[in-house]
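Chemist: what follows is a predicted protein model with its sequence.
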Amino acid sequence: MSQGKIIIITAPSGSGKTTLVRRLIAASPHVGFSISACTRNPRPGEVHGKDYYFYTEEEFKQKIAEGAFVEWEMVYTGKYYGTLKSEVARIWEEGKAPLVDIDVKGALAIKAAYPDTSLSLFIQAPSLEILRERLQNRGTENPQMLEERLNKAVYELTFSDKFDRVLVNDDLELATLELVKTVEQFLKS
Ligand code: ADP
Ligand code: 5GP
């Protein structure tokens, strides 16, 4: 595997990470989305092999046993997520920088694995109230799951200073411009 640069994007759930990541991928030909594996159900419109590899718990555990992951974790109760070695290798082979969209703990693990060749970005909503509103408006979690995500967000916010850059996602257009500029500068450096 010829190792290149890697971009790590993390954020409490609901901050707008997926939205910003999609915009970055569309804007930058030098970046490839690393498709994670997970065991949660697809949301409406999500596609296996595009948004995630949606595995059963049994399939996921088989991949763990095969040593297929750079990192993996139970991100929410009973829900596994992991970064596949094959994805990162595929994107490097395409001559691009893999972009991993990952929770805070996983982001710290990837950062530790690639300390000199990674750019790590923490995306944050302007406030916890706005985060709650965004999650409610997205309408993809039941009330109990929403509270679990918000509790986790409060904890994750305490880690923001561990990352290379914090980006506040208030105005989506401005946040997109800042993200694209930061990543392009890193890839040129
Ligand atoms: P995450 O991937 O961090 O969980 P999403 O990208 O799914 O977050 O965004 C959560 C919700 O907030 C979505 O409904 C999305 O359309 C909305 N959203 C994202 N960015 C903004 C923004 N800057 N202003 C208002 N709403 C936003
Ligand atoms: P969601 O269910 O909203 O798509 O993702 C939930 C959380 O899991 C997000 O913080 C997302 O970044 C994280 N996540 C996605 N893929 C991975 C992965 O491969 N590894 C880890 N550790 N977290 C991931």
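Modeler: Great, that's in hand. Numbering: from 1, shown residues only. Ligands and ions are numbered 1, 2, ... in the order given.

Chemist: if I look at Thr10, how far off is Val154?
Modeler: Counting by CB to CB, to the nearest Å, the separation of Thr10 from Val154 is 15 Å. For glycine as for every other residue, the C-beta is placed from the backbone atoms N, C-alpha and C.

Chemist: ramachandran coordinates for Gly14?
Modeler: phi 100, psi 0 (degrees, to the nearest 10).

Chemist: where do the strands sit along this protein?
Modeler: 6-10, 31-33, 36-38, 52-54, 69-76, 79-84, 97-101, 118-124, 165-168 (DSSP state E).

Chemist: just the CA atoms of the fifth one, as CSV, please.
Modeler: This points to strand 69-76. The C-alpha trace of strand 69-76 is given here as CSV (Å, rounded to 0.1, in the frame of the first residue of the first chain):
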residue,chain,number,x,y,z
PHE,A,69,-10.3,-2.7,9.9
VAL,A,70,-7.9,0.2,10.5
GLU,A,71,-10.2,1.0,13.5
TRP,A,72,-13.6,-0.1,14.6
GLU,A,73,-15.9,0.7,17.5
MET,A,74,-19.4,0.3,18.9
VAL,A,75,-20.3,4.0,18.4
TYR,A,76,-23.9,3.7,19.7
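
Chemist: now do Tyr55, the pLDDT please.
Modeler: For Tyr55, the pLDDT comes out at 98.

Chemist: coming back round to it: higher neighbour count, Thr10 and Val154?
Modeler: Set Thr10 next to Val154 and count neighbours by other CB atoms under 10 Å: Thr10 wins out with 26 against 11.

Chemist: might one say that His30 is in contact with Leu187?
Modeler: Yes: here His30 reaches Leu187: they are 5.3 Å apart, a contact under CB atoms under 8 Å.

Chemist: which neighbours do those two share?
Modeler: Common contacts of His30 and Leu187 (CB atoms under 8 Å, 6 or more residues apart in numbering): Ala97.

Chemist: looking at those two, which one has more neighbours?
Modeler: Neighbours per residue (other CB under 10 Å) separate His30 from Leu187, with Leu187 holding more: 16 against 13.

Chemist: how many neighbours does Val47 have?
Modeler: Val47: 9 surrounding residues under other CB under 10 Å.

Chemist: let me see the backbone angles for it.
Modeler: Per degrees, to the nearest 10, the backbone of Val47 is at phi -120, psi 130.

Chemist: measure it to ligand 2 for me?
Modeler: Applying CB to the nearest ligand atom, to the nearest Å, the value for Val47 to ligand 2 is 13 Å.

Chemist: do Leu177 as well
Modeler: Leu177 sits 22 Å away from ligand 2, going by CB to the nearest ligand atom.

Chemist: equivalent analysis for Val104, please.
Modeler: If you go by CB to the nearest ligand atom, the gap between Val104 and ligand 2 works out to 7 Å.

Chemist: same check on Gln62?
Modeler: Distance from Gln62 to ligand 2, by CB to the nearest ligand atom: 16 Å.

Chemist: okay, now whatever residue of the chain ends up closest to ligand 2: neighbour count?
Modeler: Closest approach of the chain to ligand 2 (CB to the nearest ligand atom) occurs at Gly106, with a separation of 2.5 Å. Number of residues near Gly106 (other CB under 10 Å) recorded here: 23.
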